[in-house]
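**Student:** Need coordinates for the below:
(chains A and B)
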Number of protein chains: 2
Amino acid sequence: MARPFERLTRLKDAIERLLAILEPVKEVERIPIRDSLGRVLAADIIANVDIPPFDRAAMDGYAVHAEDTFGANPENPKIFSVIGVSEIGRPFKEFVPHGRAVYVHTGSKIPEGANAVVPIEYADVHGDVILVRRAFAPGDNISKKGEDVSKGRKVLEKGRVITPPDIALMKAIGLRQVEVFRRPKLAVVACGNELVDDIERLEPGKILEYSREIVIGYAKKLGAEVIDLGIVPDSEADILDVAKLVRGQVDVLVTVGGTSIGEHDLIPRLISRHGELAFHGVAIEPGKPTCAGKIGSLPILGLPGLPVATFIATITILQRALERLSGVSGEYSPRVMKAILNRRIWSKPGIRTFARVKLFRRNNTIFAEPIAITGSGILSSIVLGDGIVIVPEDLEGIEEGTTVNVILLRDFNIFEHSL
Amino acid sequence: MARPFERLTRLKDAIERLLAILEPVKEVERIPIRDSLGRVLAADIIANVDIPPFDRAAMDGYAVHAEDTFGANPENPKIFSVIGVSEIGRPFKEFVPHGRAVYVHTGSKIPEGANAVVPIEYADVHGDVILVRRAFAPGDNISKKGEDVSKGRKVLEKGRVITPPDIALMKAIGLRQVEVFRRPKLAVVACGNELVDDIERLEPGKILEYSREIVIGYAKKLGAEVIDLGIVPDSEADILDVAKLVRGQVDVLVTVGGTSIGEHDLIPRLISRHGELAFHGVAIEPGKPTCAGKIGSLPILGLPGLPVATFIATITILQRALERLSGVSGEYSPRVMKAILNRRIWSKPGIRTFARVKLFRRNNTIFAEPIAITGSGILSSIVLGDGIVIVPEDLEGIEEGTTVNVILLRDFNIFEHSL
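**Tutor:** Modelled structure (predicted):
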């Protein structure tokens, strides 16, 4: 009978070994900028225009020669006569002589000669004349040509995940299409003789498979394209057939289940026999029976089938694999909240432990309560939990009363915190 | 000539007044659970099954009568003869007598009579006999029937944004379809005589419109359906036509531009004249010239047109509107990172100021550097900025050296922080 993993691989090392066998996507798609939200830039973007294209007013006010305001103070205002208006779209086209002012809207072109804008709140208006009671320096309240974006400058970097302001910027510099990497493709299959996919086919001795929904959901959320292969039996031949089927079609094959340390040690054995195993058994709890390797050119990630283990292995290991495949620079940053532990979390030294917690507020303090039932099969511990507290490998648990970082499990928080 | 807003509405009050005129979506769609990722649950979900459906092993090991292990210790092991195996999908169907053990896999059914599992690492195997050298309590290493989800219990709450584990849970309790609220619908229109939508039509005096891409992008990211109406001139009649066109078709009309305090004070004037203005001028910087109100049954949110102002008003005000419309409980939680300010941020008291910062690391400390050029028109200050630091209304800036919360502007972080 198999013994527990004799040597567990530290999470950090497991991730490194997995990343080493993955080939980042190289294929590029050219798509309209508006469809590019969340996609990964395949090349640097260099501006070929200046923004603003000319000096323009940064405030509503009066364009003047700054020098003409020198020496102005509340007792000794400087006087300007207003000779016109520079509208957005209808600029004032003449030269502004000394002692004259042109009314400008925020964003409108600064007429030639003027080099500062006196904001309207600093101008006393008397018919066609204004009084200015303080001095302004050259450049005051003016957006200089190229101040926002200057021609020839790199404005967006390859590997960036495109945000709404990025789309605005691409449009601003005249781009209509952009080159992005194609989405990573991932095939998912659940392994188990006892598994069925349809509640109507649930008969005694059968179990409904649902853990792979966690993999599929997060993979989609992280921008991957998912091919769902359903369920295959615990058979080396069947799983090998699946691997052959998807080889060349996907960037990684993810199996769910079939990795436990009992007699169903299927996936790591299969990888060892037909390819190269990168690791089997990771020093995380839950999620230990995770393995990875390569058969031919196909990277395979074997995730455990008990749902909490599937979940932890997905957000720690699969997520990093998808980042690598997608060509993104940087790492997905979780949403985090500080809270005080209201009970001790226990953990084994040497194992990175992911404890599920519920958050509650008392006397304006936020507390994290470890969820009592924490078996790897307890799906509700993730669904009902608000977050996760990580106990690092070098600790034996975390004491009650400690302030911890809680990684939030949802994008929407139960506690308001307005921007 | 118009003066600056005489009375600015505090952000909190502006949001409250806006939320008061919005009607949360009530229409419900019934969709396959796998398509429900990120959608908002329209009704509580009650489990109509137990998970697990029977007592099952939480570890690989031996199912025994716990009482038979009492008194066991390293010197005096208890002896059990192994009479069978309970496989997942092929349970052991007989009663387990005292002194007997049945091998169980994690997840397999506990045979009748047994009430504890001795994990394999605590069993010395000698052919068909095992020696157990410590005592186990009834229930040890067993997942009790209904322990994860018990029949009749509310497992997911109305208003929840559906996550991947939620989909797994819905599948586990036998759901195939789920009722979600339809997505909020929002129409976006940019206002300005000088604006063009196409760089090919850019001629002297014209300006390329791009700020509304920020609104469209965030609205999509937050799950809304967006109808883009392009650009309309700065004309009350034209905008009124747009409002009539979309009334009854969308949950909110968002205008971009046309709200400045100069002579183009168009949107608030229009709302006041034909409906009810909820506020005009918010005590935030940038983003001040934001307004909202209702014409007939159509809520209108008027956002400023300078891109940084559009951006801040979008993430502070429009986001809250979309949350309200979508029926989600809770608030979108931003990604936050602590950093030390390496220069003072200046702000006006009474105004909530959103300063853009760049992050950098020095000697393992993360610093936030306020971006020098911070006009509302400087799109690159958001695109190149890594985050935002909020200066509350009651402060006049934040001192250099202060540890601040930086709201990250991207989902992917420049600094690694592995889970």
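
**Student:** Domain parsing of chain A, as residue ranges.
**Tutor:** Recorded structural domains for chain A (assignment: automatic domain parsing) are A:11-25+A:183-326, A:32-50+A:148-181, A:56-143, A:336-408.

**Student:** Looking at those, which one is packed in the most?
**Tutor:** domain A:11-25+A:183-326 (a mean of 21; mean count of other Cβ atoms under 10 Å in any protein chain shown). (Each C-beta comes from the backbone N, C-alpha and C, glycine too.)

**Student:** So for residue B:129, which of the domains of chain A sits nearest?
**Tutor:** domain A:11-25+A:183-326 (19.1 Å; Cβ to Cβ).

**Student:** Now that closest one: average pLDDT?
**Tutor:** Domain A:11-25+A:183-326 shows a mean pLDDT of 93 in the predicted model.

**Student:** Any residue of that domain touching chain B?
**Tutor:** Yes: Domain A:11-25+A:183-326 is in contact with chain B by Cβ under 8 Å from any Cβ of the partner chain, via A:11-12, A:15, A:192-194, A:199, A:205-208, A:210-211, A:213-218, A:220-221, A:260-264, A:306-307, A:311, A:314-316, A:319-320, A:323.

**Student:** Check the gap between residue A:387 and residue B:36 for me.
**Tutor:** 22 Å (Cβ to Cβ, to the nearest Å).

**Student:** repeat for residue A:69
**Tutor:** For residue A:69, the distance to residue B:36 - Cβ to Cβ - is 62 Å.

**Student:** can you check residue A:191 too?
**Tutor:** Distance from residue A:191 to residue B:36, by Cβ to Cβ: 25 Å.

**Student:** do residue A:311 as well
**Tutor:** In terms of Cβ to Cβ, residue A:311 sits 18 Å off from residue B:36.

**Student:** what lines up beside the strand or helix carrying residue A:340 in the sheet?
**Tutor:** In this assignment (DSSP states H and E), residue A:340 forms part of strand A:336-341. Neighbouring strands of strand A:336-341 in its sheet, by DSSP bridges, are strand A:365-370 (parallel), strand A:403-408 (antiparallel).

**Student:** With only the CA atoms kept, save the last one in PDB.
**Tutor:** The one in question is strand A:403-408. Taking Å, rounded to 0.1, in the frame of the first residue of the first chain, the C-alpha atoms of strand A:403-408 are listed here in PDB:
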ATOM      1  CA  THR A 403      -3.500  40.600  12.600                       C
ATOM      2  CA  VAL A 404      -3.500  38.700   9.300                       C
ATOM      3  CA  ASN A 405      -3.900  39.400   5.600                       C
ATOM      4  CA  VAL A 406      -7.100  37.800   4.400                       C
ATOM      5  CA  ILE A 407      -7.200  37.100   0.700                       C
ATOM      6  CA  LEU A 408     -10.700  37.800  -0.300                       C
END
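
**Student:** any idea how far it is from the chain center?
**Tutor:** 19 Å (Cα atoms, centre = their mean, to the nearest Å).

**Student:** do you know how far the nearest residue to residue A:248 once chain neighbours are set aside is from residue A:188?
**Tutor:** Once flanking residues are discounted, residue A:248 sits nearest to residue A:297: 7.2 Å by Cβ to Cβ, 6 or more residues apart in numbering or on different chains. Separation of residue A:297 from residue A:188 (Cβ to Cβ): 19 Å.

**Student:** now do residue A:221
**Tutor:** Counting by Cβ to Cβ, the gap from residue A:221 to residue A:188 is 14 Å.

**Student:** What of residue A:217?
**Tutor:** 11 Å.

**Student:** which residues touch stretch A:178-185?
**Tutor:** For stretch A:178-185, contacts defined as Cβ atoms under 8 Å, 6 or more residues apart in numbering or on different chains pick out A:24-33, A:36, A:39-43, A:45, A:162, A:170, A:223-227, A:249-252, A:322, A:325-327.

**Student:** Which elements pack onto the helix or strand containing residue A:125?
**Tutor:** Residue A:125 is located in strand A:123-126, with elements delineated by DSSP H and E. Packing partners of strand A:123-126 (3 or more Cβ pairs under 8 Å, 6 or more residues apart in numbering or on different chains; DSSP states H and E): strand A:129-132.

**Student:** Given the strand it packs on, what are its sheet partners and their directions?
**Tutor:** For strand A:129-132, pairing defined by DSSP bridges yields strand A:78-86 (antiparallel), strand A:123-126 (antiparallel).

**Student:** now it, how far from the chain's geometric center?
**Tutor:** 51 Å.

**Student:** got the CA coordinates for it in CSV?
**Tutor:** C-alpha atoms of strand A:129-132 as CSV (Å, rounded to 0.1, in the frame of the first residue of the first chain):
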residue,chain,number,x,y,z
VAL,A,129,-11.8,94.5,-19.2
ILE,A,130,-10.4,92.2,-16.5
LEU,A,131,-8.4,93.0,-13.4
VAL,A,132,-5.8,90.5,-12.3
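
**Student:** number of nearby residues for whichever residue of the stretch 251-400 of chain A sits closest to chain B?
**Tutor:** Closest contact between the stretch 251-400 of chain A and chain B, by Cβ to the nearest Cβ, is at residue A:333 (3.6 Å). Residues near residue A:333, counting by other Cβ atoms under 10 Å in any protein chain shown, number 18.

**Student:** Pull up the gap between it and residue A:354, please.
**Tutor:** In terms of Cβ to Cβ, residue A:333 sits 17 Å off from residue A:354.

**Student:** so residue A:324 makes contact with residue A:21?
**Tutor:** No: with contact defined as Cβ atoms under 8 Å, residue A:324 and residue A:21 do not form a contacting pair (9.9 Å).

**Student:** and stretch A:71-83, how far apart are its ends?
**Tutor:** Stretch A:71-83 stretches 22 Å from its first residue to its last (Cα to Cα, to the nearest Å).

**Student:** swap in stretch A:34-49?
**Tutor:** 20 Å.

**Student:** got it, and stretch A:61-68?
**Tutor:** 15 Å.

**Student:** Show me the contact partners of that stretch.
**Tutor:** A:57, A:78, A:80, A:82, A:86, A:92, A:96, A:98-104, A:110-111, A:113-120, A:122-123, A:130, A:132, A:135-141.

**Student:** mind listing which of the residues you listed are in strands?
**Tutor:** Of the contacts of stretch A:61-68, the ones assigned to strands by DSSP state E are A:57, A:78, A:80, A:82, A:86, A:100-104, A:116-119, A:123, A:130, A:132.

**Student:** can you map out the helices along the stretch 1-150 of chain A?
**Tutor:** Secondary structure of the stretch 1-150 of chain A by DSSP state H, counting those that start in this stretch: the helices cover A:11-20.

**Student:** For it, which residues score under the pLDDT cut-off?
**Tutor:** A:1-6 (pLDDT under 70).

**Student:** Near chain B, which residues of it? Just list them.
**Tutor:** Counting by Cβ under 8 Å from any Cβ, the stretch 1-150 of chain A sits next to chain B at A:1-4, A:11-12, A:15, A:33-34, A:37-38, A:51-52, A:56, A:58, A:60, A:87-91, A:103, A:105-107, A:120-121, A:125, A:143, A:147-149.

**Student:** which other helices and strands contact the host helix or strand of residue A:240?
**Tutor:** Element membership for residue A:240, per DSSP H and E: helix A:236-246. For helix A:236-246, the packing partners by 3+ Cβ pairs under 8 Å, 6+ apart come out as strand A:185-191, strand A:225-232, strand A:252-256, helix A:266-274, strand A:298-303.

**Student:** can you tell me the average pLDDT over the lengthiest strand in chain A?
**Tutor:** In terms of residue count, the longest strand belonging to chain A (DSSP E) is strand A:352-362. Strand A:352-362 carries an average pLDDT of 94.

**Student:** packing partners for that strand?
**Tutor:** Against strand A:352-362 (3+ Cβ pairs under 8 Å, 6+ apart) you get strand A:284-285, strand A:336-341, strand A:365-370, strand A:387-391.

**Student:** again, only this time at 6 Å
**Tutor:** Applying 3 or more Cβ pairs under 6 Å, 6 or more residues apart in numbering or on different chains; DSSP states H and E, one finds that strand A:352-362 contacts strand A:365-370, strand A:387-391.
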